[in-house]
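Q: what would the 3D arrangement of this be:
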Amino acid sequence: MILFGFITYSREEPKFNSPTSSANLNLENEQPETLPLKYCINYGVVNARVQVIEYFSFLCPHCITLFKKDFGKILSEYINTGVISFRFHPVPHDLPTLQAMICLEKLDESEKRLFLEAVFEEATPGDSELLSMLMITAMKVFGKPIPELNDQDFLKSHPIFEEIYNFIKKERILAVPTVEVNGRLYAKDLPDYNFIKSLVEE
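A: Now for the predicted structure:
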């Protein structure tokens, strides 16, 4: 398979979860590889009873749709009240996610949250050109512009590329979005409001 048109690797790219998926695949004994926290977007208090990690992609249509539809309610009812913490962990198998990670490593924690919210609220699922334009605009607003974000030579020579390649060789996420809750990985459950509510009420 070709990764971003630059390098070759043997692992199949992850699929997007179907919004109708309901069967839970328990992979709790296979902890996924993780990226450094500088690439993750964190919400909530660190010692919350329920610790949620969503493995997501900036290109995934379900990730974008779920964020627009359900995350605001999850944020107000469960994150802002200290019940859960929520971490967005990128899975860099597509160009927009690579571009986003280059942006995220330049941002502080509050800026990362604003970046995700600004990009996902305006994004059209599957439109990579719009995504990159939104990212470039957001970085200008933060006063940390990356005008060359669409330049392939810039991307190929960026230090992040080797780190991503090493991550991809080891990680075990088979589809996005995938959710991990208190160390247990759910491969077929979507992190929508009803799923989060069921976790809280357990």
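
Q: this protein: helices as residue ranges?
A: With DSSP state H as the criterion, the chain has helices at 61-66, 72-74, 95-104, 109-122, 128-141, 152-157, 160-170, 193-200.

Q: which of these sits closest to T178?
A: helix 61-66 (10.2 Å; Cβ to Cβ). Where you see a C-beta, it was placed from the backbone N, CA and C, and this is true even at glycine.

Q: any weak-confidence spans in this structure?
A: Of all residues in the chain, those with pLDDT under 70 make up the ranges 1-31.

Q: sorry, back to before: out of the helices of the chain, deepest packed?
A: helix 95-104 (a mean of 23; mean count of other Cβ atoms under 10 Å).

Q: still on that earlier bit, possible to save the helices of the chain as JSON lines with distance to V179?
A: Conversion of the helices of the chain to JSON lines gives the following (distance: least, Cβ to Cβ, whole Å):
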{"stretch": "helix 61-66", "distance to V179": "10"}
{"stretch": "helix 72-74", "distance to V179": "12"}
{"stretch": "helix 95-104", "distance to V179": "17"}
{"stretch": "helix 109-122", "distance to V179": "16"}
{"stretch": "helix 128-141", "distance to V179": "22"}
{"stretch": "helix 152-157", "distance to V179": "29"}
{"stretch": "helix 160-170", "distance to V179": "19"}
{"stretch": "helix 193-200", "distance to V179": "7"}
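
Q: stretch 61-77: end-to-end distance?
A: Using Cα to Cα, to the nearest Å, one end of stretch 61-77 lies 24 Å from the other.

Q: now do stretch 89-102
A: Counting by Cα to Cα, the terminal residues of stretch 89-102 are separated by 14 Å.

Q: do the same with stretch 171-188
A: Using Cα to Cα, the end-to-end distance of stretch 171-188 comes out at 17 Å.

Q: try stretch 39-48
A: When the termini of stretch 39-48 are compared using Cα to Cα, they are 21 Å apart.

Q: equivalent analysis for stretch 43-58, please.
A: Taking Cα to Cα, the span from the opening residue of stretch 43-58 to its closing residue is 17 Å.

Q: which among the helices of the chain is found nearest to G82?
A: Across the helices of the chain, G82 has its closest neighbour in helix 193-200 (11.5 Å, Cβ to Cβ).

Q: N42 is nearest to which of the helices of the chain?
A: Comparing those against N42 with Cβ to Cβ, the closest turns out to be helix 109-122 (6.3 Å).

Q: ok now that closest one, how far from the chain's centre?
A: Shown here is helix 109-122, whose average C-alpha point lies 12 Å from the average C-alpha point of the whole chain (Cα atoms, centre = their mean, to the nearest Å).

Q: the inter-axis angle of it versus helix 95-104?
A: Between the direction of helix 109-122 and that of helix 95-104, the angle (axes from the mean of the first three to the mean of the last three Cα atoms, to 10 degrees) works out to 150 degrees.

Q: what's next to helix 109-122, contact-wise?
A: 40-43, 58, 63-64, 67-68, 88, 100, 103-104, 107, 130-131, 134-135, 138, 141-142 (Cβ atoms under 8 Å, 6 or more residues apart in numbering).

Q: out of the helices of the chain, the one nearest E33 is which?
A: Ranking the helices of the chain by their distance to E33 (criterion: Cβ to Cβ) puts helix 160-170 first, at 4.2 Å.
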